[in-house]
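Chemist: Fold the stuff below for me.
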Amino acid sequence: MEMDVKTKNKIEEADNLLANALASLDSDKIPRGICEVKKAQEILNKLLKEYKQEQAQRQQAKREAGDWTMDQ
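Modeler: Numbers count the residues shown, from 1 in each chain. Take a look at the predicted model:
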């Protein structure tokens with residue numbers, strides 16, 4: 001699956017937030033770290049939802065075209 005730039009940037013943002021959260025666990029900034037983890041989780045959940053919708057649309061298009069094979 002080829003990623004578009006927007007998706008790649010969102011994943012990088014989530015990755016950076018998680019890295020910052022992990023770094024903050026070594027300091028007094030635990031509440032900030034928790035917020036960053038939650039934001040990263042929201043971003044990743046949104047990406048997963050978008051991916052699932054895209055997969056469903058592809059499957060629907062294949063069905064409408066008469067291709068009933070399933071993607072793995």
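Chemist: Show me what counts as buried in the helix or strand hosting Ile43.
Modeler: Here Ile43, judged by DSSP states H and E, is contained in helix 30-64. Burial within helix 30-64, assessed by neighbour count using 16 or more other Cβ atoms under 10 Å, is assigned to Gly33, Glu36, Val37, Ala40, Ile43, Leu44, Leu47. To be clear about C-beta, it is placed using only N, CA and C from the backbone, and glycine gets the same treatment.
Chemist: show me where pLDDT drops low in the protein?
Modeler: The chain contains residues with pLDDT under 70 at 1-3, 24-33, 68-72.
Chemist: ok, 50 please
Modeler: For the chain, applying pLDDT under 50 flags the ranges 72.
Chemist: Dump the buried residues of helix 30-64 to JSON lines, plus distance to Ala21.
Modeler: JSON lines is the format used below for the buried residues of helix 30-64 (distance: Cβ to Cβ, whole Å):
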{"residue": "Gly33", "distance to Ala21": "4"}
{"residue": "Glu36", "distance to Ala21": "4"}
{"residue": "Val37", "distance to Ala21": "5"}
{"residue": "Ala40", "distance to Ala21": "7"}
{"residue": "Ile43", "distance to Ala21": "13"}
{"residue": "Leu44", "distance to Ala21": "13"}
{"residue": "Leu47", "distance to Ala21": "18"}
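Chemist: tell me which of those residues is nearest to Ile11?
Modeler: Nearest to Ile11, judged by Cβ to Cβ, of the buried residues of helix 30-64 is Leu47 at 6.7 Å.
Chemist: Just the element for the residue lying closest to that closest one once chain neighbours are set aside, please.
Modeler: Excluding the flanking residues, the one nearest Leu47 by Cβ to Cβ, 6 or more residues apart in numbering is Lys10, at 5.8 Å. Assessed by DSSP H and E, Lys10 sits inside helix 5-24.
Chemist: That helix: which residues count as buried?
Modeler: The neighbour-count check on helix 5-24 (16+ other Cβ under 10 Å) flags Lys10, Ala14, Leu17, Leu18, Ala21, Ser24 as buried.
Chemist: Now find how far off-centre that helix is within its chain.
Modeler: Between the centre of helix 5-24 and the centre of its chain there are 10 Å (Cα atoms, centre = their mean, to the nearest Å).
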